[in-house]
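Engineer: Sequence and predicted structure below; questions after.
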Amino acid sequence: MHKIDDLEVLSGVPEAVAELNNMGFLTVIVTNQPVVARGVAKPEDIDRVHAELTKRIAVGGGKIDAVYFCPHHPEATLEQYRLQCDCRKPEPGMILKGIKEFNIDPAKSFMIGDAIIDVVAGKKAGLKTILVKSGPGHVGLDKKYPDVRPDWEATDLSEAVEIIKNA
């Protein structure tokens, strides 16, 4: 995702984020952006998309506290991004950055994601994990991490919020 025209906020997401905010949770987005490593997009393109995403969620009542993205990839086209880093999920670097910057207690926090690499990163950072099945990322990656299981599974972000309420 590197073009605002391609950005689609799924139904119920702004309201679910608002509900998390009302429950006292900070909402931090962590995302791999290999399009930067491939030279398809520049970091400022990604920043613009994230700014628009944050704006659209705010219009629906939710607040995103921070967005971190990893531009690296071990097989990057652009040499400056070709590296094995600690921020590219499944490594927990972006999560740990948020924990440090916002003084977040990992034991009271959740990683919600649509891919098993999100679950792996969350577990490495000491968070409880919820795998949502509203995006394509949860399919087909389990083979690489056959022993990794999320703490919960949800159909979408709204259901993940309900899980958190009852956790």
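Structural biologist: Ah, there it is. Numbering: from 1, shown residues only.
Engineer: Name the residue closest to the centre of the protein, please.
Structural biologist: The centre of the chain sits closest to residue 30, judged by C-alpha atoms, centre = their mean, with a distance of 3.8 Å.
Engineer: Parallel or antiparallel, list what pairs with the host helix or strand of that one.
Structural biologist: Using DSSP states H and E, residue 30 falls within strand 28-32. The strands beside strand 28-32 in its sheet (DSSP bridges) come out as strand 66-70 (parallel).
Engineer: Could you report the neighbour count for residue 108?
Structural biologist: By other C-beta atoms under 10 Å, 11 other residues sit near residue 108. The way it works is simple: take the backbone N, C-alpha and C, and place the C-beta from them, glycine included.
Engineer: I meant to write residue 17 there.
Structural biologist: A count of neighbours around residue 17, defined by other C-beta under 10 Å, yields 25.
Engineer: pretty sure it is in a strand, no?
Structural biologist: No - applying DSSP: H, G, I helix; E, B strand; the rest coil, one finds residue 17 to be helix, outside a strand.
Engineer: Would you check how far apart it and residue 74 are?
Structural biologist: For residue 17, the distance to residue 74 equals 32 Å [C-beta to C-beta, to the nearest Å].
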